[in-house]
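1. Fold the following.
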Amino acid sequence: MLTGRVPVVALTGYLGAGKTTVLNHLLQQPGARVGVVVNDFGAINVDAGLVAGQVDEPVSIAGGCLCHLADASEFDAALEKLTHPRLALDVVVVEASGVADPVALGQMIRFSGVERVRPGGVVDVVDAVEHFATVDAGGSPPARYRASSLVVVNKADLVAPSDRDRVLASIERRIHEVNPRAQVVPVTRGRIDPALVYDAATTTDPGDQLPIAALLRSEDAHDHVHADAVSVAAAAPVNPSRLVDLLERPPAGVYRLKGRVRVHTGRTVRGYLVNVVGRSVHVGSTHVPDDGGELVAIGMGLDARAVRQHLARVAEPFVRPDAAGFARLQRRRRLSL
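-> As a prediction, the model looks like this:
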């Protein structure tokens, strides 16, 4: 599903939470071409060494935290390189240093001057064992919670079994105090399902992929908690009002939403490609074959029946003019440019 723009995912987390572990797990999965921007706080880029050779086009920004750069020119230069069409990357992951501010990094991506970039969400990695001793010591919830679209609660297995449910519930409750739509996913050893983070193009490695990724996979590399996915066909033009309502208010539990649909403008039929990640909505124009439309919702613990009914209602054929709905959709498209 090509949009002409590459999703850029911010991967953040406090020191030692397991960002690089999460990143390496994602890189070891087949099916997508992943670019990486590695940022270290310090003169020696240690993390770059951990991921070198596993990615198609690594770019390192050393010697400073992204949120402390004098300007965004170095960051944008990295994104410009990685989103070039010749690389045909499916996603770019920016692994920030442990002292980086997720709020600032998310804004740098959102307001990047690189035209081929679209925000792919802010993934914040939390240490289930040390989180309340380091990041959230009480009082008002940390500002980083507001910026996160997906929170990966890593090292859940290291919490004492007698305390695990209470600790995980406490972390989720604190996050949802200020960010009710954030998806919170407990994992062990960074094993997040890549379907929550980006689209996998295939179920096998690309033919020109560096082979080290396959060689480095352990037997349990795919042993992660799988996300739920619900899809419906949208062969006929859809109601633009219902479509925008879906983009702005996805069904409960849906973290990512994507689709290709057609809409009647009143005079003709126009194709759109839509992507939702957390609270970020992107709408672009695209060609959609007469029988090629679809809507896909992805999340954890979805009520598949309810989500399918919701998507099916949006996908119902609608051939009458809806000037107000079309104007809302066009506004979303302009905001995505």
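2. can you list contacts of stretch 235-246?
-> For stretch 235-246, contacts defined as CB atoms under 8 Å, 6 or more residues apart in numbering pick out 257, 261-264, 269, 272, 274, 290-293, 295, 310-311, 313-319, 322, 324-326, 328-329, 332. Yep, even glycine has a C-beta here, placed from its N, CA and C like the rest.
3. Which stretches in the stretch 201-337 of the chain count as helices?
-> Assigned helices in the stretch 201-337 of the chain, in chain order: 212-216, 240-248, 304-315, 323-336 (criterion: DSSP state H, counting those that start in this stretch).
4. So how do I select the buried members of the contacts of stretch 235-246 in ChimeraX?
-> Here is the ChimeraX command that selects the buried residues among the contacts of stretch 235-246 (16 or more other CB atoms under 10 Å):
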select :257,261,262,263,264,272,274,293,295,310,311,314,315,318,322,325,326,328,329,332
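5. re earlier: return the most buried member of the helices of the stretch 201-337 of the chain.
-> Per residue and on average, the most neighbours among the helices of the stretch 201-337 of the chain fall to helix 240-248, with a mean of 20 (mean count of other CB atoms under 10 Å).
6. and the angle from that one to helix 323-336?
-> 40 degrees (axes from the mean of the first three to the mean of the last three CA atoms, to 10 degrees).
7. Please shift the residue numbers so they start at 12 in all later answers.
-> Got it, first residue is 12 now, which makes that one helix 251-259.
8. In the chain, where's the longest helix?
-> Scanning the chain for the helix with the most residues, using DSSP state H, yields helix 172-189.
9. Which of the helices of the stretch 212-348 of the chain sits closest to residue 108?
-> Taking CB to CB, helix 223-227 is the member of the helices of the stretch 212-348 of the chain nearest to residue 108, at 23.5 Å.
10. Generate CSV for the helices of the stretch 212-348 of the chain, with distance to residue 151 and mean pLDDT as supplementary columns.
-> Formatted as CSV, those follow (distance: least, CB to CB, whole Å; pLDDT from 0 to 100):
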stretch, distance to residue 151, mean pLDDT
helix 223-227, 41, 43
helix 251-259, 27, 96
helix 315-326, 33, 96
helix 334-347, 30, 92
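11. Indicate which one of these is closest to residue 99.
-> Short answer: helix 223-227, nearest of the helices of the stretch 212-348 of the chain by CB to CB, at 16.4 Å.
12. And what about residue 135, helix, strand or coil?
-> Three-state call for residue 135 (DSSP: H, G, I helix; E, B strand; the rest coil): strand.
13. how close does the closest residue in space to it that isn't next to it in sequence get to residue 109?
-> Computed as CB to CB, 6 or more residues apart in numbering, the closest residue to residue 135 that is not its neighbour in sequence is residue 159, at 4.1 Å. In this view, residue 159 and residue 109 are 15 Å apart by CB to CB, to the nearest Å.
14. if you count what's nearby, which of the two comes out ahead?
-> Set residue 159 next to residue 109 and count neighbours by other CB atoms under 10 Å: residue 159 wins out with 29 against 16.
15. now the strands for the stretch 212-348 of the chain?
-> Shown for the stretch 212-348 of the chain, the strands assigned by DSSP state E, counting those that start in this stretch span residues 239-244, 265-275, 280-288, 291-296, 305-310.
16. got TSV for these, with distance to residue 141 and mean pLDDT too?
-> Formatted as TSV, the strands of the stretch 212-348 of the chain follow (distance: least, CB to CB, whole Å; pLDDT from 0 to 100):
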stretch	distance to residue 141	mean pLDDT
strand 239-244	30	92
strand 265-275	25	92
strand 280-288	27	92
strand 291-296	29	91
strand 305-310	27	93
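17. Adding distance to residue 47, write the ones you listed out as JSON lines.
-> Below are the strands of the stretch 212-348 of the chain laid out as JSON lines (distance: least, CB to CB, whole Å):
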{"stretch": "strand 239-244", "distance to residue 47": "25"}
{"stretch": "strand 265-275", "distance to residue 47": "20"}
{"stretch": "strand 280-288", "distance to residue 47": "18"}
{"stretch": "strand 291-296", "distance to residue 47": "20"}
{"stretch": "strand 305-310", "distance to residue 47": "22"}
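18. what about the nearest residue in space to residue 244 that is not next to it in sequence, neighbour count?
-> Leaving out its chain neighbours, the residue that sits closest to residue 244 by CB to CB, 6+ apart is residue 305, at 5.7 Å. By the measure other CB under 10 Å, the count of residues near residue 305 is 17.
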